[in-house]
Each structure stands twice: as structure tokens, then as C-alpha cells.
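>>> sequence and predicted structure, then a few things I'm wondering about:
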Amino acid sequence: MKKTSLFILLFLAMTFLPPVGCTCPDLALETFEVWVAKNNPPYDIMSATDSVYLYLDLNWRTMPQANNFTTSNNSLYAWQCEEKLGSGLIDIRITSNQEFNGIPAGANLTDIFVCTKKQGLFIEDCLRETFKKGDYINYPGTSGIGFMFTQAPITAKEHVFMVRLTNDLSEHYSASSDTIRWQ
């Protein structure tokens with residue numbers, strides 16, 4: 001009888017009391033991939049008249065969080081969480097291994113791109129607006145952003161693009177594209 005009463009009291013307490021220390025971990029950038037593409041075949045060779053895009057596929061991870069609640073279990077998490085950024089992206093740097101229309105190899109190329117997600121924004125502003133700390137991500141695990149080239153290279157026709165992202169914790173993440181060819 002005592003066991004049954006204790007079980008009922010425990011069940012009622014779990015049903016009506018909110019869980020103590022229940023948290024949703026925030027997200028932070030883990031890795032990303034860079035790829036360059038166009039909308040029409042052949043997809044691996046670009047021409048001066050093609051609309052060419054540089055895409056970033058961002059992979060997120062949960063951030064470790066301190067639990068300030070005093071419970072017997074330090075790792076209580078909610079059953080369902082929204083995907084919220086715990087650290088935002090604040091800077092982007094795009095470079096090439098070749099000179100690009102007078103811009104030396106290794107120099108920042110962000111001025112030759114426009115943001116496709118938020119019309120009219122420079123890509124640095126677009127990145128900061130799209131991936132702000134505290135904002136929610138629509139796609140769990142991965143999300144992305146694309147930037148359109150505003151010009152094709154005139155001289156050097158093969159490029160590898162390197163992208164460096166910086167978050168608001170001053171952490172840097174880097175990735176490179178495959179070799180891209182213009183004819």
C-alpha cells in the first residue's frame with residue numbers, strides 16, 4: 001500500500017510540476033562547405049554570360065551550456081527545442097588562388113558578390129542579418145546562403161575560392177571550393 005501511494009504521489013508530482021533545469025542548447029557553427037554552381041549545364045564550366053553563385057552549406061552543432069539549477073541530474077533537456085543560434089556570424093572573407101580582374105590572389109573579393117537571400121545588402125551585412133545570435137534556424141543541422149558573382153574573370157580562368165567566416169566569439173572557420181573553370 002505504501003509503495004502504491006508513493007508511486008501515485010511521484011506520478012502526480014511529475015505530471016504537475018515543471019521540470020527543473022530543463023534547457024534547450026543553442027547552436028554554433030561547426031563546419032561549412034563551399035561550392036560554386038550555375039543553373040544550366042554543363043555545370044562544371046562557366047561562361048561570362050552565366051549567372052554563377054558561390055554557396056555556403058553551414059553545419060551547426062549544439063553549444064555546451066552550464067546548467068545553474070540544483071538538481072540531481074545536470075543534463076536535463078527539453079523534449080523539443082527550436083534551433084536557436086548561440087553565436088552569430090559577423091564576418092566573411094572570400095579570396096581566390098588567382099588574380100581576379102585586377103584583384104590580386106589572396107585579396108578579399110567580397111565586393112564582386114551580391115547577396116541572393118536579402119536583396120540590396122552587401123554580403124557582410126547579409127551574413128550578419130541572416131545568422132544573428134539568438135535567431136532561429138529553419139533547417140535543423142544545416143542551412144545555407146548563396147552569393148552571386150557580379151562579374152566573370154577576364155584573364156585567369158581557373159580559380160579555387162577560399163572562404164573564412166568569423167563568429168561573434170572571434171572564432172574562425174575556413175573552407176575552399178573545388179577548382180572552378182570559366183571559358
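Done, it's in.

>>> alpha carbons only for contacts and neighbour counts from here, please
Will do.

>>> doesn't L29 fall inside a strand?
Yes: counting by DSSP: H, G, I helix; E, B strand; the rest coil, L29 is found in a strand.

>>> quick one: contacts for the spatially most central residue of the chain?
Closest residue to the average C-alpha location of the chain: L58 at 3.6 Å, with CA atoms, centre = their mean. Contacts for L58 (CA atoms under 8 Å, 6 or more residues apart in numbering) come out as 29-33, 142-144.

>>> and these, which two are the farthest apart?
E30 and G144 (13.2 Å; CA to CA).

>>> of these two, which one has the most company?
G144 (17 against 13; other CA atoms under 10 Å).

>>> please verify my assumption that that one contacts L54.
No: between G144 and L54 there is no contact under CA atoms under 8 Å: 10.7 Å.

>>> which residues in this structure form helices?
Under the criterion DSSP state H, the chain contains helices at 2-16, 123-130.

>>> among those, where is the model least confident on average?
Among these, helix 2-16 has the lowest mean pLDDT, at a mean of 59.

>>> among the contacts of L58, which one sits closest to D111?
For those, the nearest to D111 is G144 (19.8 Å; CA to CA).

>>> how about the closest one, nearest residue that isn't a chain neighbour?
Spatially, and ignoring its direct neighbours in sequence, G144 is nearest to D57 (4.5 Å; CA to CA, 6 or more residues apart in numbering).

>>> which one of the contacts of L58 is nearest T155?
Using CA to CA, these come closest to T155 at E33, 26.5 Å.

>>> what residues does the residue nearest to G144 make contact with?
32-34, 142-145.

>>> bridged to it, which residues?
Here D57 sits in beta bridges with E33, G144, going by DSSP bridges.

>>> sorry, back to before: return the member of the contacts of D57 nearest to C115.
I145 (8.3 Å).

>>> contacts only, for that closest one.
55-57, 116-117.
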